[in-house]
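**Q** Okay, sequence plus prediction incoming.
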Amino acid sequence: MRKLLNVVLTVIGLMFLSGSVAAANDNSNSTYSIADDATDKVEGLIKTLVNPIYNTKEIECLARNIFYESGSEPREGKIAVGMVTINRSQDDRFPNTICGVVHQKTNLEVPKLIKTTYTVKESWYRAPVQKTETQTVWKTITVCQFSWSCMRVQKPKDSDPRWIESREVAEELLSGGYDDYQDKYGNLKYFHATFLRPAWHNLKRIVKIGGHIFYANKD
């Protein structure tokens, strides 16, 4: 957003500079006043266009995801988790709302081995014997993208510093704040705890923050 804003403001500055040369000798103060006013209006327009307007429900969903996934992490860790959530909502491979991303569920087909034991009498003069057969069946399980959303969790307490910071981060991110982090973590889509070892060979490891490792798509 910062890069786009700088480009537009530069263009506006050049426009006013070229258009006000003739009037600069007589009324320079009013010229600069008009330019400043236009710059402020365009800056507000750009922020409105670049940053969608999120309702309180979306802010709450983002704050809860930050809290339950990284409540005890440093602020940068909370920002990174928030960026993963927001980035997914802007990717066609995921739901297009914050709440949709947070509560997304995926159905997976997993193998399950079933053993069946039965008795066989191979001949009249031999005692019956038991045999066991193993069969593989596929079972559908539902997995939540963020595990806490499939669990019973306690509602955050308003006085909990972790919740207060999580809400602050959510509100700031959704209002277009943290420009440096928006640029730095604009491609994050996944993360996991450092004690896990998922086989994410198709992803690009980006950064480790606190107890999480963050990834982006390779494409």
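**A** Received it, and whenever you're ready, just let me know what you need.
**Q** quick one, domains of the protein?
**A** The domain map for the chain lists 2-50, 56-104+145-217, 107-143, with the assignment taken from automatic domain parsing.
**Q** Buried deepest among these, which one?
**A** Mean neighbours per residue, mean count of other CB atoms under 10 Å, is largest over these for domain 56-104+145-217, with a mean of 17. To be clear about C-beta, it is placed using only N, CA and C from the backbone, and glycine gets the same treatment.
**Q** From start to finish, how long is stretch 204-217 in a straight line?
**A** One end of stretch 204-217 to the other measures 6 Å (CA to CA, to the nearest Å).
**Q** before we move on, what about stretch 176-190?
**A** Stretch 176-190 has an end-to-end distance of 21 Å (CA to CA).
**Q** just to revisit the earlier point, how about the domains of the chain in TSV, adding mean pLDDT?
**A** Shown next, in TSV, are those (pLDDT from 0 to 100):
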stretch	mean pLDDT
domain 2-50	50
domain 56-104+145-217	95
domain 107-143	81
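**Q** show me what contacts the residue nearest the centre of the chain?
**A** Here the mean C-alpha position of the chain is nearest to the C-alpha of residue 85 (CA atoms, centre = their mean), at a distance of 1.6 Å. Residues in contact with residue 85 (CB atoms under 8 Å, 6 or more residues apart in numbering) are 62, 65-66, 98, 101-102.
**Q** Checking the residue of the chain most remote from its centre next. Helix, strand or coil?
**A** What lies farthest from the middle of the chain is residue 125; by CA atoms, centre = their mean that is 69.7 Å. Secondary structure, DSSP: H, G, I helix; E, B strand; the rest coil: residue 125 is coil.
**Q** quick one, phi/psi of it?
**A** Phi and psi for residue 125, reported as degrees, to the nearest 10, are phi -100, psi 0.
**Q** before we move on, what about residue 211?
**A** Per degrees, to the nearest 10, the backbone of residue 211 is at phi -100, psi 20.
**Q** ok, it - contacts?
**A** By CB under 8 Å, 6+ apart, the contact set of residue 211 is 72-73, 77, 193-194.
**Q** Dump those into CSV; add distance to residue 152 and secondary structure as well.
**A** Compiled in CSV, the contacts of residue 211 are given as follows (distance: CB to CB, whole Å; DSSP: H, G, I helix; E, B strand; the rest coil):
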residue, distance to residue 152, secondary structure
72, 19, coil
73, 22, coil
77, 24, helix
193, 20, strand
194, 25, coil
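**Q** As a markdown table, those with distance to residue 108 would be great.
**A** Output for the contacts of residue 211, formatted as a markdown table (distance: CB to CB, whole Å):
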| residue | distance to residue 108 |
| --- | --- |
| 72 | 29 |
| 73 | 28 |
| 77 | 28 |
| 193 | 20 |
| 194 | 24 |
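**Q** Quick one: residues contacting residue 212.
**A** Residue 212 is in contact with 70, 73, 77, 80-81, 191-194, counting by CB under 8 Å, 6+ apart.
**Q** In the sheet, which residues pair with it? Tell me.
**A** Applying DSSP bridges to residue 212 yields these beta-bridge partners: residue 193, residue 209.
**Q** Many thanks, I have nothing further to ask.
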